[in-house]
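**Q** Provided below for reference: sequence and predicted model.
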Amino acid sequence: MIPTRPRPPLLALALGALLLVAGCGSSDQAAKDRVRWAFTMPTSWDPVTSRTGADINTISLAYASLTRLNQAGEPEPALAQSWTYSKDGTALTFTLRPGLRFSDDSPLDAAAVKAFLDRGKAQKDSFLKAELQGIDRVTTDGPLRLTLHLARPDYQLPYVLAGRVGAVTSPGAARDPKRLALWPVGAGPFRMIEFTPESHAYFEKNPNYWDAANIHIRRMELTNSPDPSTLVAALLSGSIDVATRIPAHKVKEARERGLTVVIAPSLNAANVSINRNKPPFNDPRVVEALRYAFDRREFVQIVTDGIGAPTHQPFPPGYFAFDPQTETRWSYDPARARALLRAAGYGPGQLSLEIAANPQTADGGAEIAQAQLVRIGIKARIRVIPPGSSSWQSEVYVAKRPQLAVDGTIGRESPVQNLLATYGPAGIMNLSGPYAAPEFLAAVERVRRTPTDDPAYKARLHEAVRIAVAQSPSDYLYSAPWIVAARSRVKHLNLLPSQVRWEGVRVE
């Protein structure tokens, strides 16, 4: 899933014109310490109103979270240096690092974290409510300790709080949420010095960041990624230094032209989202027909140039939440798909569908899906959702208008979080929302209540994945690794499965 920004209000235009001269000067040394990164702007610079999983990549430029994930996807200390659960799992106490400060130099203490979590639960337009709904209240015990009192045990929270849900904002800045959505004030590795909506965001190193010793970039310049076909040319010209997710078929060319290309595990997984609230998908036989309609290996070969992997679930092979049993339940069988369609009353060419496609994910996935549907006798036309502003979000994630949409997830910090985002009743990527089977919600609840070091945890998580995939009409197709290209001056790219980070990255 690639996010798009909402249309900026007048305040955005005013802030977009705000240039801080001190941040715009450029000496030879400044140029050497600068990284120009082509990715995409977040849906909001306020973690509370940020909408998509991909936003963590840019949100984490300006914000630090209570925890962060390591390469294995496990939570480790960040703003919080430690945490403990009560014996019954209904209270989670964090101890913060001493001396933390936001980029506006105000203190980041337990009261500030409480204010952020309370705002995430209460603010009318918050997109964190679902993740925080299990927290009854937050109490503080001095400047460095706070306790989350839970409605029921939830051992997923240290994972969840490694992302936007734990990306604490300055309480002072949060008094003006509209401005905060355009001008972040956090405690992350960088602080914003210039922003033009739909165009670029410039940052300088934040000396208040708790891990500032591992940030070797003085100036970060984020720009919207150009057309995928021009990314290699943009890198070679020097107009950008790092491009995230270059097309797989461009890898050989990029390496031959002297660029560094890093291919690393990611949580990216693509799917055809299906809306069971729209005919003909209110007929379970049509839903079942599409289970056998898609040749996942063809997607892998064409879209990822063979370096991805087929998947029937929103997790890639090798990730601890990946359920092997789910992969054996359905196979590519166009004859069976045609038989199911006949049983539903549709002969060859009698069923027509519309596929919604996002122009910002121009990887050919919609065209492949269209061709494979034709093979089972379904006429399919592609409707491209207009780029820019919040068109994709409005059409697909909020209004849920399409019958079919070629989409995907970039993953979440917690596997339960990802299951609820893709299959839950309020899930942003559940095109059939608010539908979610009761047995799925019960399975997710069992996972939440299970400590992650419990021997039963993995089995319960895999059971929840199996139920989630079976109860949803949507079909996951393939997973794709990170494919990041950079100019040779950028060293030691830091790619976690869930996000791109900048600790340890150097510029020569």
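**A** Nice, I can see it.

**Q** what about residue 306, how many residues nearby?
**A** 12 (other C-beta atoms under 10 Å). Where C-beta positions appear, they are placed from N, C-alpha and C, glycine not excepted.

**Q** that one touches residue 297, doesn't it?
**A** No. The criterion here is C-beta atoms under 8 Å, and residue 306 misses it with residue 297 at 9.3 Å.

**Q** parallel or antiparallel, list what pairs with the longest strand anywhere in the chain.
**A** Looking across the chain with DSSP state E, the single longest strand is strand 260-274. Neighbouring strands of strand 260-274 in its sheet, by DSSP bridges, are strand 404-409 (antiparallel), strand 475-486 (antiparallel).

**Q** buried set for whichever helix or strand comes after it?
**A** Sequence order places helix 284-291 as the next helix or strand after strand 260-274, per DSSP states H and E. Buried residues in helix 284-291, counted by 16 or more other C-beta atoms under 10 Å: 286, 287, 288, 289, 290, 291.

**Q** what is helix 284-291 packed up against?
**A** Packing partners of helix 284-291 (3 or more C-beta pairs under 8 Å, 6 or more residues apart in numbering; DSSP states H and E): strand 260-274, helix 334-343.

**Q** how about residue 383, secondary structure?
**A** strand (DSSP: H, G, I helix; E, B strand; the rest coil).

**Q** surely it meets residue 358?
**A** No. Checked against C-beta under 8 Å, the pair residue 383 and residue 358 is beyond contact range at 10.7 Å.

**Q** looking at those two now, which is surrounded by more residues?
**A** Between residue 383 and residue 358, residue 358 has the larger neighbour count (other C-beta under 10 Å), namely 24 against 14.

**Q** count of residues packed around the residue nearest to the more buried one when sequence neighbours are not counted?
**A** Spatial nearest neighbour of residue 358, excluding adjacent residues (C-beta to C-beta, 6 or more residues apart in numbering): residue 392 at 5.1 Å. Per other C-beta under 10 Å, the neighbour tally for residue 392 reads 26.

**Q** pLDDT value on residue 392, please?
**A** We have a pLDDT of 83 for residue 392.

**Q** quick one, strands of the stretch 1-150 of the chain?
**A** 34-39, 67-69, 75-77, 80-85, 91-96, 135-140, 145-150 (DSSP state E, counting those that start in this stretch).

**Q** just want the angle from the fifth one to strand 145-150.
**A** The one in question is strand 91-96. Counting by axes from the mean of the first three to the mean of the last three C-alpha atoms, to 10 degrees, strand 91-96 lies at 160 degrees to strand 145-150.

**Q** do the same with the first one
**A** Per the same axes, to 10 degrees, the angle that strand 34-39 makes with strand 145-150 is 0 degrees.

**Q** from the chain's centre, how far out does strand 34-39 sit?
**A** 19 Å (C-alpha atoms, centre = their mean, to the nearest Å).

**Q** give the rounded mean pLDDT of it.
**A** Here the average pLDDT along strand 34-39 is 96.

**Q** list the helices and strands that strand packs on?
**A** Counting by 3+ C-beta pairs under 8 Å, 6+ apart, strand 34-39 packs on strand 219-224, strand 242-244.

**Q** tell me which helix or strand comes right after the first one.
**A** Using DSSP H and E, the helix or strand that directly follows strand 219-224 along the chain is helix 231-237.

**Q** show me what that following helix is packed up against.
**A** strand 242-244, helix 251-256, strand 475-486.

**Q** now what about the second one, what contacts it?
**A** Helix 251-256 is touched from outside by 232, 235, 246, 261, 263, 305, 307, 483, 485, with contacts defined as C-beta atoms under 8 Å, 6 or more residues apart in numbering.

**Q** low-confidence bits of the stretch 351-500 of the chain, can you list those?
**A** 361-362, 387-390 (pLDDT under 70).

**Q** mind listing the helices for it?
**A** Taking DSSP state H, counting those that start in this stretch, the helices of the stretch 351-500 of the chain run over residues 365-375, 391-392, 415-423, 438-448, 457-471.
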